[in-house]
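In: here is a sequence together with a model predicted from it:
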Amino acid sequence: MELALVIAVVVIALAFDYTNGFHDAANAIATSVSTRALTPRVALGMAAAFNFLGALAGTEVAETVGKGIINTPSGKHGLVIVIAALIGAITWNLITWYFGLPSSSTHALIGGLVGAGLASTSTVLWSGIVDKVVIPMVLSPAVGFLGAFLLMVGILWLFRRSNPGRTTRGFRMAQSLSAAAMALGHGLQDAQKTMGVIFLALVTTGHAQQSDGIPLWVKISAATAISLGTYSGGWRIMRTLGRRIIHLDPARGFASEAISAAVLYVMAIGLHAPVSTTHTITSAVMGAGATKRLSAVRWGVAKGIVTAWVLTIPAAGLVAALVYGLAHLILE
């Protein structure tokens with residue numbers, strides 16, 4: 001029975017990873033597609049490849065998710081908690097995908113872990129959540145908005161006397177690089193979260209020790225699942241991010257992607273913090289767009305997105321708690 005539950009956790013975790021890639025495909029390429037720097041299929045293929053490479057580039061975020069959110073009990077009880085957390089996160093991802101809202105898969109997963117942890121009276125590591133989740137959660141959108149705004153102001157000043165047509169063509173080409181950098185950062189951040197959950201399940205059943213590194217098969221499985229999900233694409237969210245917040249031009253698309261990629265790398269490699277790629281790129285799009293004029297940003301759309309951000313952790317946590325209650329009755 002316990003082995004069957006371990007296999008179930010791995011399958012559901014990879015399903016979450018697939019929805020993560022599917023849901024967040026827009027993060028890396030929406031701006032490049034909307035400015036016609038890349039065709040949709042070329043952009044998706046490139047994003048899938050760089051997501052795969054990014055997923056193999058580190059394990060620091062995975063270790064934070066696996067060790068720093070909740071203390072799961074050992075054995076079958078711990079596995080039921082992890083399954084409930086994953087179902088809570090997947091449910092919220094599908095709801096926000098349906099409505100075309102670019103919410104955070106990261107926060108959905110963390111909300112699911114916290115909700116299932118509280119429902120099962122497990123120890124929730126609040127200090128770790130504040131240091132590794134809440135502070136980066138607030139900082140990353142703020143840095144994304146301000147950084148993209150300042151970079152765009154610098155670009156406008158540097159190219160103020162340049163030929164507009166030639167400048168646009170140059171930034172359209174540069175967007176291929178910034179989109180690739182963004183996709184690499186997405187793989188570096190988001191695939192590692194699935195690795196962390198699978199590692200958590202392996203530790204609770206004694207198939208791995210806390211001091212062990214993430215097994216290679218876990219890395220490759222997670223990298224493959226997020227790449228396949230990315231290639232499937234999430235067109236609803238791509239429309240919101242690429243067109244509905246603001247009408248982007250290549251220079252603003254480049255500024256948004258470049259700043260977002262930098263934030264993801266610093267958070268993953270430097271601070272080992274699982275930040276939201278969605279929050280970072282969305283706020284960067286708003287920051288770059290605000291250099292046109294504040295009214296150019298469709299703040300009504302932005303308000304709906306921010307509302308989804310606020311609801312993500314409690315909503316995913318609530319679903320996870322309900323699933324835990326049901327699974328506890330059936331499986332334990």
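Out: Right, received. Where do you want to start? This structure is a prediction, so every number in the text was calculated from the model and none was measured.
In: what number of residues lie near R161?
Out: 5 (other CB atoms under 10 Å). To be clear about C-beta, it is placed using only N, CA and C from the backbone, and glycine gets the same treatment.
In: before we move on, what SS does it have?
Out: Following DSSP: H, G, I helix; E, B strand; the rest coil, we place R161 in the coil state.
In: repeat for A37
Out: coil.
In: next, the contact list for it, please.
Out: F171, R172, M173, Q175, S176, A179, P250, G253 (CB atoms under 8 Å, 6 or more residues apart in numbering).
In: residue furthest from the geometric center of this structure?
Out: Distance from the centre of the chain peaks at R161, with 38.1 Å (CA atoms, centre = their mean).
In: taking the contacts of A37 one by one, which sit in helices?
Out: Those of the contacts of A37 mapping onto helices are F171, R172, M173, Q175, S176, A179, P250, G253, per DSSP state H.
In: hmm, the last one is touching R36, no?
Out: Same thing as G253. No - counting by CB atoms under 8 Å, G253 does not reach R36; the two are 9.9 Å apart.
In: chain center to stretch 8-22, what's the gap?
Out: 13 Å (CA atoms, centre = their mean, to the nearest Å).
In: brain fart, stretch 325-332
Out: On CA atoms, centre = their mean, the centre of stretch 325-332 falls 29 Å from that of its chain.
In: returning to what we had before: so G253 and R36 - more neighbours on which side?
Out: Neighbours of G253 and R36, each counted by other CB under 10 Å, are more numerous for G253; the result is 28 against 11.
In: OK, contacts around that one?
Out: T31, S32, S34, T35, A37, F171, Q175, S178, A288.
In: buried ones among the contacts of A37?
Out: F171, R172, Q175, S176, A179, P250, G253 (16 or more other CB atoms under 10 Å).
In: so can I have TSV of these showing distance to L146 and pLDDT?
Out: Below are the buried ones among the contacts of A37 laid out as TSV (distance: CB to CB, whole Å; pLDDT from 0 to 100):
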residue	distance to L146	pLDDT
F171	21	88
R172	25	85
Q175	21	84
S176	25	82
A179	21	84
P250	21	86
G253	18	85
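In: any chance of those residues in CSV, plus distance to A84?
Out: What follows is the buried ones among the contacts of A37, written out as CSV (distance: CB to CB, whole Å):
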residue, distance to A84
F171, 46
R172, 46
Q175, 40
S176, 41
A179, 36
P250, 44
G253, 39
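In: my guess is A8 is in a helix, correct?
Out: Yes - when three-state DSSP is applied, A8 is found to be in a helix.
In: isn't it up against I83?
Out: Yes - using CB under 8 Å, A8 is in contact with I83, at 6.3 Å.
In: comparing those two, which shows the higher neighbour count?
Out: I83 (25 against 17).
In: what is the strand or helix carrying the more buried one packed up against?
Out: Taking DSSP states H and E as the criterion, I83 maps to helix 76-98. Contacting helix 76-98 under the criterion 3 or more CB pairs under 8 Å, 6 or more residues apart in numbering; DSSP states H and E are the following elements: helix 2-34, helix 105-119, helix 192-204, helix 235-239, helix 299-331.
In: can you state the direction angle for that helix and helix 192-204?
Out: Helix 76-98 and helix 192-204 are oriented at 160 degrees to each other (axes from the mean of the first three to the mean of the last three CA atoms, to 10 degrees).
In: quick one, helix 76-98 and helix 2-34 angle?
Out: 20 degrees.
In: burial count for W126?
Out: Neighbours around W126, by other CB under 10 Å: 13.
In: no no, A57
Out: 17.
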